[in-house]
Each structure stands twice: as C-alpha cells, then as structure tokens.
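> mind looking at a prediction? Sequence and model below.
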Amino acid sequence: MEQEHATNKIVILSPGKRCWKTRKIIAYIEDFSNAHGFNSEITIETSLKSFLKYRTWILPTVIINGKIIARGYKPSEKQLLEVLIK
C-alpha cells in the first residue's frame, strides 16, 4: 500500500499579484518543489486581514504549513527543506 504524500500549504502575503518580488518567489518555490518531489499548493493573500493575522507588514512574506519562514526575501534552500514535507 502506497503512502499518500501530504500537500504543503504555502501562503504568500503580497502587496499584489503583479509584485515582481512575489512572482520571483513563487517561481523559485515551484521550481524547488518540483525538483525535490514536494507537493505544494501556493496561495497569494493580499488582504489587510491576512497581514494582521500573521502580524507582519514586511512583504512579501512566505508562510509554509502555518510557519513564517521569510519576510521580504526569498527563502534559502535549507529553509525550504526544513519546513517542506514529502
């Protein structure tokens, strides 16, 4: 019996979907996930309510499985490996 792979919930708090930093981070995380065989679902949040929920004004902020891992910059491969699950 094969074990099902869990899907990583990735939320990116962003000033908008057109933000160049946000788009670069999304492409980076998608490439990293595909290369390492991680299942990931990426959502972009642009609402004030989301910023208040996670208590951050530094954007873009990367949140993986409920844990903030980067604020204002692209997370390192080491950071991604620590929080992503296969």
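Yes, it's here.
> where along this structure do the strands fall?
Under the criterion DSSP state E, the chain contains strands at 7-13, 39-45, 61-64, 67-71.
> just checking: what are the partner strands of the first one?
Applying DSSP bridges to the sheet, strand 7-13 is found paired with strand 39-45 (parallel), strand 61-64 (antiparallel).
> quick one, helices of this structure?
For the chain, helices defined by DSSP state H occupy the ranges 20-36, 48-54, 77-83.
> which one of these lies closest to Ser14?
Closest to Ser14 of the helices of the chain, according to CB to CB: helix 20-36, at 4.1 Å. All C-beta atoms are positioned from the backbone trio N, CA, C, and that covers glycine.
> pick the most deeply packed of the strands of the chain.
strand 61-64 (a mean of 24; mean count of other CB atoms under 10 Å).
> hmm, back to that, now the helices of the chain as CSV including mean neighbour count, mean pLDDT and distance to Ala70?
CSV is the format used below for the helices of the chain (neighbours: other CB atoms under 10 Å; pLDDT from 0 to 100; distance: least, CB to CB, whole Å):
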stretch, mean neighbour count, mean pLDDT, distance to Ala70
helix 20-36, 15, 94, 8
helix 48-54, 13, 92, 12
helix 77-83, 14, 92, 7
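> as a markdown table, these with distance to Arg71 would be great.
Formatted as a markdown table, these follow (distance: least, CB to CB, whole Å):
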| stretch | distance to Arg71 |
| --- | --- |
| helix 20-36 | 11 |
| helix 48-54 | 9 |
| helix 77-83 | 12 |
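> out of the strands of the chain, which comes closest to Leu84?
strand 7-13 (5.3 Å).
> tell me the mean pLDDT for that closest one?
With pLDDT averaged residue by residue, strand 7-13 scores 95.
> quick one: it to helix 20-36, angle?
170 degrees (axes from the mean of the first three to the mean of the last three CA atoms, to 10 degrees).
> for Tyr73, phi and psi?
phi -150, psi 170 (degrees, to the nearest 10).
> count of neighbours near it?
12 (other CB atoms under 10 Å).
> quick one, what contacts Cys19?
Leu59, Pro60 (CB atoms under 8 Å, 6 or more residues apart in numbering).
> let the chain start at 833 from now.
Sounds good: first residue 833 from here, last item Cys851.
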